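Peer 1: sequence first, predicted model second:
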Amino acid sequence: MTVLAQTLLSLADVYKREDGSGGIADIIEIMNQANTPAKDVLWLPANKGTTHMTTIRTGLPAASWGELYSGVAQSKSTTQQVEDVTGFVETSCSVDERLLELYGDDGAALRRSEAMPHIETMMQECATSLFYHSHATDAKKPTGLSARMGELANSGAGNQIVDAGGTGSDNMSIWFVTWGADAVHGIYPKNTKAGLQQTDRGSQRVLDASGNPYYVKEEDFKWHIGWCLRDYRRVSRIANIDVSELAAGNVDLYKWMRKAYYKLHGRRVGKVDNQAGMGRTMIYCNRDALEVLDALGTNSGASDNFARLRTTEIQGEEITTYRGMPLRETDALVNTEARIV
């Protein structure tokens with residue numbers, strides 16, 4: 001049985017444990033409606049202020065067969081230290097006070113309706129940072145997954161990439177991501193609050209395009225985020241999926257899904273007795289990929305017995321799964337990725 005259980009600390013759980021003032025319930029509701037991975041992420045405070053230092057295992061010690069009156073060969077594992085950074089994304093929402101007066105008692109609802117697109121765009125930016133941002137190319141941004149898994153290789157993180165054969169610049173990716181303290185998790189600066197923070201600035205004097213003053217009700221939104229990839233084996237990426245070939249029906253997407261599935265370390269963990277301490281795996285794709293997966297499963301002949309998508313209701317939410325792993329649709333994954341080699 002697929003388990004979405006929040007035994008790991010989710011963003012909603014963090015909000016419940018912190019003292020908040022207004023707007024929290026609305027923010028959580030909007031987050032649940034947005035097509036982003038934010039509701040799946042395990043969030044942990046950074047251990048070095050605004051940065052997070054982790055030690056990653058890069059090699060195992062050797063074992064040898066012994067014999068009587070002979071010693072044991074000494075060996076050790078190898079490790080590498082990685083320092084991940086955080087950054088913050090923010091936006092501001094203003095509504096003319098005169099407009100709020102016209103709405104009377106519905107003014108608060110109007111402010112919420114104006115705030116919703118600001119919150120959603122921040123959610124999308126959070127998802128974009130997970131998949132595409134790189135601190136090396138923009139010092140204001142944290143490093144996401146593509147920057148760490150952007151080259152094909154026979155070992156290391158590059159070995160977790162499945163090459164679907166697409167060329168040109170109209171490619172997409174599908175990601176298998178395991179969330180957990182020893183897998184992938186979000187980070188936020190120490191001594192700050194996790195998640196999107198809302199601040200009501202009240203009445204503010206602003207200037208129009210002609211330099212004339214008027215008053216607005218203003219609220220700000222800010223989110224401190226970063227990403228830690230503790231174990232690259234807990235992620236697999238199907239890259240170079242040719243979008244035009246996919247639309248034409250020339251891509252066997254389930255073939256690549258199967259290959260990505262078997263690259264994933266600990267892929268069966270969490271399936272029995274909700275061993276969520278080892279992490280939970282989600283599959284992220286955009287709506288075009290999800291539609292093709294649905295079509296391939298729906299229109300297959302009666303004799304086909306491959307692993308199709310399965311839709312069920314879990315904890316009141318309709319969930320579509322592949323081999324027991326929930327699929328998440330996200331608008332952050334684009335159809336214009338360059339080919340990776």
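Peer 2: Ah, there it is.
Peer 1: quick one: contacts for the most centrally placed residue in the chain?
Peer 2: Nearest residue to the geometric centre of the chain (Cα atoms, centre = their mean): residue 37, 4.0 Å. Counting by Cβ atoms under 8 Å, 6 or more residues apart in numbering, residue 37 touches 127, 130, 177, 282, 284, 328, 330. For the C-beta atoms, the positions are set from N, CA and C on the backbone; glycine is no exception.
Peer 1: which stretches of the stretch 201-341 of the chain have low pLDDT?
Peer 2: 268-278, 299-307, 315 (pLDDT under 70).
Peer 1: just the helices in it please.
Peer 2: 243-247, 253-263, 287-298 (DSSP state H, counting those that start in this stretch).
Peer 1: how about TSV for those, with distance to residue 186 and mean neighbour count added?
Peer 2: Conversion of these to TSV gives the following (distance: least, Cβ to Cβ, whole Å; neighbours: other Cβ atoms under 10 Å):
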stretch	distance to residue 186	mean neighbour count
helix 243-247	29	17
helix 253-263	22	18
helix 287-298	24	16
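Peer 1: those: which one's closest to residue 97?
Peer 2: When the helices of the stretch 201-341 of the chain are compared for distance to residue 97 using Cβ to Cβ, the nearest one is helix 287-298, at 39.3 Å.
Peer 1: pull the distance from the closest one to the chain's centre.
Peer 2: 21 Å (Cα atoms, centre = their mean, to the nearest Å).
Peer 1: and if you look at stretch 190-204?
Peer 2: Counting by Cα atoms, centre = their mean, stretch 190-204 comes out at 22 Å from the chain centroid.
Peer 1: would you mark the buried spots in it?
Peer 2: 192, 193, 194, 195, 196, 197, 198 (16 or more other Cβ atoms under 10 Å).
Peer 1: likewise stretch 316-325?
Peer 2: If you call a residue buried by 16+ other Cβ under 10 Å, then stretch 316-325 has these buried ones: 319, 320, 321, 322, 323, 325.
Peer 1: contacting residues around the second one?
Peer 2: Listed by Cβ under 8 Å, 6+ apart, the contact partners of residue 320 are 290, 294, 309, 310, 311, 326, 327.
Peer 1: just to check, the first one is in contact with residue 327?
Peer 2: Which is residue 290. Yes: counting by Cβ atoms under 8 Å, residue 290 touches residue 327, with 6.5 Å between them.
Peer 1: quick one on the thing from earlier: which phi and psi does the residue nearest to the centre of the chain have?
Peer 2: phi -80, psi 0 (degrees, to the nearest 10).
Peer 1: can you lay out the buried residues of stretch 316-325 as TSV showing distance to residue 219?
Peer 2: TSV is the format used below for the buried residues of stretch 316-325 (distance: Cβ to Cβ, whole Å):
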residue	distance to residue 219
319	33
320	35
321	38
322	40
323	43
325	37
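Peer 1: show me the residues you listed that map onto strands.
Peer 2: 319, 320, 321, 322, 325 (DSSP state E).
Peer 1: for the second one, list each beta-bridge partner.
Peer 2: Spelled out, it's residue 320. Under DSSP bridges, the beta-bridge partners of residue 320 are residue 311.
Peer 1: please identify the buried residues of the lengthiest strand in the chain?
Peer 2: Scanning the chain for the longest strand, with DSSP E as the assignment, gives strand 78-96. Using 16+ other Cβ under 10 Å as the test for burial, strand 78-96 gives 84, 85, 86, 87, 88, 89, 91, 93, 94, 95.
Peer 1: closest one of the buried residues of stretch 190-204 to residue 76?
Peer 2: Using Cβ to Cβ, the buried residues of stretch 190-204 come closest to residue 76 at residue 194, 36.0 Å.
Peer 1: surely that closest one is in a helix?
Peer 2: No: Residue 194: not assigned to a helix; according to DSSP: H, G, I helix; E, B strand; the rest coil it is coil.
Peer 1: that one against residue 46, yeah?
Peer 2: No: Residue 194 is beyond contact range of residue 46, at 10.8 Å (criterion: Cβ under 8 Å).
Peer 1: hey, what's in contact with both of those two?
Peer 2: With Cβ under 8 Å, 6+ apart as the test, residue 194 and residue 46 both reach residue 188.
Peer 1: rewinding a little: between all of the buried residues of stretch 316-325, which two are separated the most?
Peer 2: Checking the buried residues of stretch 316-325 with Cβ to Cβ, the most distant pair is 319 and 323, at 13.2 Å.
Peer 1: please name the nearest non-neighbouring residue to residue 235.
Peer 2: Spatial nearest neighbour of residue 235, excluding adjacent residues (Cβ to Cβ, 6 or more residues apart in numbering): residue 177 at 5.5 Å.
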